[in-house]
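Asks: got a predicted model here, sequence first, then my questions.
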Amino acid sequence: MKDRKLILLGALAFALFGGGCANVKPWERGTLTDYTMRPDRDPLAVSQAEHVFFSREATYGGRGVGGGGCGCN
Amino acid sequence: MNTLLLKKGSALLALSFITLASAHAGWKVSDALPDLGAQNLEGKLPDSLKGKVVLVDFWASWCVPCAESFPVMEKLHQSYKDQGLVIIAVSTDEKSNDMQKFLKKHPAAFVVVRDAAQKLVGLADASTMPTSFLIGRDGKIRHIHAGYRAKETPKQYTAEIEALLKEKP
């Protein structure tokens, strides 16, 4: 009985997680290579995100610049 | 009872993995090139490929190495077309417009067709873009190039094509 439950659980997990695996073939990557998929397509948004990142993560040495995390540099 | 169930379950799981793995069987060296005329390709194919050395190249307009390979294939076409080399570049672009734009930038005198349904490239199971198959005069695949490397691939193409052209039909 216990084994049956285990198998059922395994099958359920396989169906749940296996179904989420999409195998994108090399010739189907046209959409992924589109310009709109680039994270750096908007220079202003990138510079803002970068400022926040290096200010907030500076205490961990984010981007290699020292700072106290105040966002003032 | 439980062990039987376990055995059945694991056999089923193994079978599903085998089915998944066998789905990746593409063209291999020494396989015969299938009839390209029966693949619903857009564009005009040569009337006959019998006795020719054929380079079938799968490419896409968004692929940077493909763009690098076009001038090289053009040179190969101009140098060896009279000796029996046929280059067939199969575009895998979903939109015809993308292919046309690419061809304006990278003009090609060799044969260019489009595999709109991506059926042929699926059969070939190209492992990357571009992937090319070099077919000998006997109609069998002799060399496979996965990807294009500017330093190596042109030299390999030239050496292999010259050797294949020397073979008797």
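Replies: Looks like it arrived, so ask away.
Asks: quick one: stretch B:134-152 near chain A?
Replies: No. Stretch B:134-152 stays clear of chain A (Cβ under 8 Å from any Cβ of the partner chain), getting no nearer than 9.3 Å. (Glycine included, C-beta is placed from N, CA and C.)
Asks: give me every residue that touches the closest residue to residue B:145 other than its chain neighbours.
Replies: Excluding its sequence neighbours, the residue lying closest to residue B:145 (Cβ to Cβ, 6 or more residues apart in numbering or on different chains) is residue B:132, at 4.6 Å. Counting by Cβ atoms under 8 Å, 6 or more residues apart in numbering or on different chains, residue B:132 touches B:55, B:56, B:57, B:58, B:69, B:144, B:145.
Asks: closest to chain A out of the residues you listed?
Replies: residue B:58 (6.8 Å; Cβ to the nearest Cβ).
Asks: per-residue pLDDT, the closest one?
Replies: Listed pLDDT for residue B:58 reads 97.
Asks: for it, which non-adjacent residue is spatially closest?
Replies: Residue B:58 sits nearest to residue B:126 (Cβ to Cβ, 6+ apart), 4.7 Å away.
Asks: helix or strand: which one has the one you found?
Replies: Under the criterion DSSP states H and E, no helix or strand holds residue B:126.
Asks: who's in contact with it?
Replies: Residue B:126 touches A:26, A:27, B:26, B:58, B:146, counting by Cβ under 8 Å, 6+ apart.
Asks: that's a strand at the fourth one, yeah?
Replies: Read it as residue B:58. Yes. Per DSSP: H, G, I helix; E, B strand; the rest coil, residue B:58 lies within a strand segment.
Asks: would you confirm that it contacts residue B:127?
Replies: No. Residue B:58 is beyond contact range of residue B:127, at 10.1 Å (criterion: Cβ atoms under 8 Å).
Asks: so which of those two has more stuff around it?
Replies: residue B:58 (25 against 13; other Cβ atoms under 10 Å in any protein chain shown).
Asks: could you look up the SS state of residue B:150?
Replies: coil.
Asks: which ones are touching it?
Replies: Per Cβ under 8 Å, 6+ apart, neighbours of residue B:150: residue B:68.
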